[in-house]
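**Student:** below: sequence and its predicted model.
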Amino acid sequence: MSRLLTSFVLGFHGCDQNIGEQALVGNLDFIQSDRDYDWLGPGVYFWEGDPIRAREWAEAKATRVKGMVPYVIGAVIDRGNCLDLTVRENIELLRSAHTGLAASLLEQGKPMPQNRDVLGDASRDKLLRDLDCAVIRYLHDSIDQQLSNNKSQDALERFDSVRGLFREGDPVYPGSGFYERTHTQIAVRSLDCIKGIFKPRL
């Protein structure tokens, strides 16, 4: 795939203070999220260039997790071979993966996953992205299968990270095309992409 964008970015990760402080001194490594509703599939999630959004996420989670103290750490990330879903050629890969997943599930007699709203969430932002996650997993698995079958000349490289732009929240003002919680996220699949971590100034 093309690598037309510079590779290094700053990402920000919301977490519990104890976890963040241990990570900063090298006593704890990042744990990859691997839930069926993850927006970009499995990986360590970062808000690209937005420590405030990372803090908001950690604060919201702390209201649901007893004893959690919101905290933000920053990371220097080399995106490596990135499935960047703001780039046209990668959108076509995703479309093809969706077609493949649909055919596979039909053959197995299983239903397609669906993106869902969180119960009681009035935003209707489909925060549980089961379908999107399944499509991205299918794409990763297809590449792994091609590589394991020694078809390396035809196979894509494994993706080190996945990047997506998401419109979320209410319009900034009436009639706006901008939304309050629009953001770019990165899911890092290869921990070698994380070149360093730091405590950001907030």
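**Tutor:** The structure has been received and is ready for your questions.
**Student:** mind listing the strands for the protein?
**Tutor:** Under the criterion DSSP state E, the chain contains strands at 8-16, 44-48, 70-78, 82-84, 115-116, 128-129, 161-166, 183-188, 194-198.
**Student:** most tightly surrounded among these?
**Tutor:** strand 82-84 (a mean of 25; mean count of other Cβ atoms under 10 Å). C-beta here means a position set from N, CA and C on the backbone, and glycine is covered the same way.
**Student:** and the gap between residue 116 and residue 61?
**Tutor:** Using Cβ to Cβ, to the nearest Å, one gets 19 Å for the distance from residue 116 to residue 61.
**Student:** can you check residue 8 too?
**Tutor:** Distance from residue 8 to residue 61, by Cβ to Cβ: 28 Å.
**Student:** what does residue 168 give?
**Tutor:** The gap separating residue 168 from residue 61 is 16 Å, by Cβ to Cβ.
**Student:** for residue 28, same thing?
**Tutor:** For residue 28, the distance to residue 61 - Cβ to Cβ - is 18 Å.
**Student:** pLDDT of the lengthiest helix in the chain, averaged?
**Tutor:** Longest among the helix segments of the chain by residue count, using DSSP state H, is helix 88-108. Averaged over helix 88-108, pLDDT sits at 96.
**Student:** what's the angle between it and strand 161-166?
**Tutor:** Angle, helix 88-108 to strand 161-166, by axes from the mean of the first three to the mean of the last three Cα atoms, to 10 degrees: 100 degrees.
**Student:** from the centre of the protein, give me the residue that's furthest out.
**Tutor:** Outermost residue of the chain with respect to the C-alpha centroid, by Cα atoms, centre = their mean, is residue 174; its distance is 29.4 Å.
**Student:** give me the phi and psi angles of that one.
**Tutor:** phi -60, psi 130 (degrees, to the nearest 10).
**Student:** ok, now how distant is it from residue 118?
**Tutor:** Taking Cβ to Cβ, one finds residue 174 at 25 Å from residue 118.
**Student:** pLDDT below threshold where in this protein?
**Tutor:** Scanning the chain for pLDDT under 70 picks out 1-6, 120-124, 151-155.
**Student:** in stretch 90-107, which residues are buried?
**Tutor:** Neighbour-count burial for stretch 90-107 flags 90, 93, 94, 97, 98, 101 (criterion: 16 or more other Cβ atoms under 10 Å).
**Student:** was I right to think residue 140 contacts residue 158?
**Tutor:** Yes: with contact defined as Cβ atoms under 8 Å, residue 140 and residue 158 form a contacting pair (7.4 Å).
**Student:** higher neighbour count, the two?
**Tutor:** Just comparing residue 140 and residue 158: by other Cβ atoms under 10 Å the higher neighbour count belongs to residue 140, 19 against 14.
**Student:** list the contacts of that one.
**Tutor:** Taking Cβ atoms under 8 Å, 6 or more residues apart in numbering as the criterion, residue 140 is in contact with 41, 42, 158, 159, 189.
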